[in-house]
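> Generate a structure from the sequence data that follows.
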Amino acid sequence: MDRFRSLARKLVEAAALGLLATAVLYLPPGSIAVRLDAWLFDIWSQLDPPTPDSRILIAEADTTEDLARIATLADDNGAELVVSTLRPTAPDARVLGPVDLAGEGRRSQPTEWPRGGHLWFETELDGVVRRDLPLGSRSRPLPSLAAYAASLVDRRRAPAIAAENSLLRMPLIGALPTLSAGTAPSELAGRIVVVGSLRPEHATPVGVAATPQLVAQMLTSHLGGYYVVDRSQAALGAWAIALLLCVPFLFATSARIATLALLPLAAAVLPASSALAFHAFAVWLPVTGPAAWVLVTSALLVLRQSQRKQGAQSRDADALARARRAADDGRLKEAWALYRQLPSSVALFPEIYDLACALGAHGSPDEAADLFHRIAQIDGEFRDVAQRLVRTDHAPTKDDERARMPPSIGRYQLLELIGRGAMGNVYLGRDPMINRILALKAIDLAIDYDHAGLETATESFLREAKIAGSLSHPNIVTIFDVGETDGLAYIAMEYVRGHHLSEFAAADRLLPVDTVLDLIGRAADALDYAHRRNVVHRDIKPANIMYDSLSNNVKITDFGIAKLIDANRTRTGIVLGTPAFMSPEQLEGKNVNGHTDLFALGVSLYQLLTGLLPFRGASMTNLMFVIANEPHQSVTSVRIDLPKWLDEVVDRALAKDPADRFQTAADMAAALRRAA
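Predicted coordinates:
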């Protein structure tokens, strides 16, 4: 979570600086980003232009006499429509014309043409015509000459044309046929003739066009519905893509990889997305700003990463030099503190190993085990590191116990016996496939089941172990694998070094109160995570919580183990779990849920604070009666130096009725932290 927050913070910082730099591209008068987007639009327009409507024909005319002659010819030969772009001196009722012309500045000049639309081409920042917009107010808009002509030709499209406010996809200018002296009069039948001077004067996405050519291009777009939708949602989509493109730069393993691989990829994705949106979905995706932002932001991230790596290398080199000097001078614990800050490196294993051996010989077994553990996590076969790890972290194994230890279970090689319990033995093992040191818990199911029940018990074990193995939380021991061989069930899990909290449950070995509250709070966080996934521990107690004071790491072990062997044992009258930590409803055989774990966690909290159990009895029957019926002695009466607010927290955790306890483990964790 902390790493994620750090990465998110770096991305936000780089993104903000990149946005500031990108904003410069939008500032007038340059408006570089807008101009580049327009240029990109023109490129996409030229790559796949629409085919002109076969009915459209352009006729050159510079005077009203030429217009009258063409109108008469078209009328006599059955032309569908004649559209004139000439300034009216003698309007012809047979012809559509400009009822409103562009004047000086942004003023329009109404004409006396009887019917038609405006002839005012709205140019964009770079002087190119890409839209066909109406004039006037929204309530009474005056359509363009091309839009008005299209609405007469195709009345079904009239409402869509009137409402359209999109970018146009125009045909190439050279693809528009022109009326020539050799054109047969019969070819005018059913045609739309656009008349005007052919002097080029308008810039379009596909070249410079004369006025009648531009009207013919717009007419093609309207009749064919060749529009490119320009909406703010698309622009937001481009920025979303840009944000996603920046994320990989956070996880690049080196600045070189980020620069050589990610930058070209990021530079290509946005233009490709724009082209895809243009041609496949007729949507305009302006990407210049987002692309510039990606390049600036990613460059900042790469620069930060390079500086951070150089700084880390410099700090590591300095720390290594100081660690070596401390080791040479006999300051072993100082050397240990410096070495553990360095990243794990195979090249350092020999000197780390030698330092660990020296620490063990000079009465610092915890520090020695910490270094042996660092080596074993990467290379379990380095010298005799596995055996040294066990012997510094656990009591030595007797020779007869080693003789009885099988060489392997499943594919796992067994190295040392590191623990015994009511539910089986725990071994230090090695996975030869990936050379990983791990802990292997072995449970002999054949002891408790006959041949007929063993298969059912094994299936139940594997099913429940897989459920427990699905948990992934920093305060829960990770399960790597489960299996069964010859009636021996096993669970392969991460090897956690440190001590069971049960070692700190005696009055003369209690941990500081703040430490206890922090550890129980983190254990409650882990239980809340499991309970939300419908997994109950069933046997919470200090002996099932590991604590490494060197790394301040706490992990719950044996998650779900109590249920794993619960197939048939309860029918023989065996009570599962540890009685002193069991809730009243668990002792009565009622449904076990998260409240049961919270009761046991409350008992653990009580014991770690006082060195005593809250419920005690001379026999199992007496103990069960006390748990179910008698109140516990308050923690502050057992240990008068404890703060009074702890009574309320402990009392609630140990309530006889589950409804009176904390409703969730998160509530208990919050109560501990809030009160503290």
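
> How about Met668: what's its closest non-neighbour residue?
Distances taken as CB to CB, 6 or more residues apart in numbering put Phe662 closest to Met668, at 4.2 Å, once the chain neighbours are dropped. All C-beta spots, glycine's among them, are computed from the backbone N, C-alpha and C.

> swap that for Trp39, please
Trp39's closest residue in space is Asp126 (CB to CB, 6+ apart), at 7.7 Å.

> secondary structure element for the residue nearest to Ala671 when sequence neighbours are not counted?
Nearest residue to Ala671 in three dimensions, chain neighbours excluded: Val649, at 5.3 Å (CB to CB, 6+ apart). Following DSSP states H and E, one finds Val649 within helix 645-653.

> Pull out the buried residues from that helix.
646, 649-653 (16 or more other CB atoms under 10 Å).

> And for stretch 208-228?
By neighbour count with 16+ other CB under 10 Å, stretch 208-228 contains the buried residues 209-224, 226-228.

> which helices and strands sit right next to the helix or strand Phe278 falls within?
In the assignment (DSSP H and E), Phe278 maps to helix 263-281. Packing partners of helix 263-281 (3 or more CB pairs under 8 Å, 6 or more residues apart in numbering; DSSP states H and E): helix 32-47, helix 232-251, helix 288-328.

> Pull out the buried positions in the first one.
For helix 32-47, the neighbour count (16+ other CB under 10 Å) marks 33-38, 40-42, 44-45 as buried.

> Also the second one?
Residues 234-235, 237-239, 241-242, 245-246, 248-250 are the ones in helix 232-251 that count as buried (16+ other CB under 10 Å).

> what stretches of the stretch 101-250 of the chain score poorly on pLDDT?
Within the stretch 101-250 of the chain, the segments meeting pLDDT under 70 span 103-107, 137-139, 157-164, 181-183, 249-250.

> Break the protein down into its structural domains.
The chain resolves into domains spanning 2-28+231-312, 51-225, 330-379, 394-495, 500-675 when parsed by automatic domain parsing.

> So for Arg388, which of these sits nearest?
Of all these, domain 330-379 sits nearest to Arg388, with 5.2 Å by CB to CB.

> Buried residues of stretch 59-78, list them for me.
59-61, 64, 66-67, 70-71, 73-74.

> Least confident of the residues you listed?
Lowest in pLDDT among those is Thr64, which has 83.

> Out of the helices and strands in this structure, which is least certain?
Between all helices and strands in the chain, the lowest mean by mean pLDDT, DSSP states H and E belongs to helix 255-257, at a mean of 50.

> Just to check, Leu642 is in contact with Val635?
Yes: counting by CB atoms under 8 Å, Leu642 does reach Val635; the two are 5.6 Å apart.

> Give me the common contacts of these two.
Contact criterion CB atoms under 8 Å, 6 or more residues apart in numbering; residues shared by Leu642 and Val635: Leu609.

> These two - which one has more neighbours?
Val635 (23 against 17; other CB atoms under 10 Å).

> show me the contacts for the more buried one.
Here Val635 is in contact with 606, 609-610, 642, 646-647, 650 (criterion: CB under 8 Å, 6+ apart).

> Model confidence for it, exactly?
95.

> okay if I get the buried residues of helix 32-47 as a markdown table plus pLDDT?
Below are those laid out as a markdown table (pLDDT from 0 to 100):
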| residue | pLDDT |
| --- | --- |
| Ala33 | 87 |
| Val34 | 89 |
| Arg35 | 91 |
| Leu36 | 91 |
| Asp37 | 91 |
| Ala38 | 91 |
| Leu40 | 93 |
| Phe41 | 94 |
| Asp42 | 93 |
| Trp44 | 93 |
| Ser45 | 92 |
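
> Return the member of these nearest to Asn553.
Distances from Asn553 to the buried residues of helix 32-47, taken by CB to CB, are shortest for Ala33, at 50.4 Å.

> which helices and strands does the helix or strand encompassing Leu428 pack with?
Element membership of Leu428, judged by DSSP H and E, is strand 424-431. On a contact count with 3+ CB pairs under 8 Å, 6+ apart, strand 424-431 meets helix 385-393, strand 412-421, strand 436-444.
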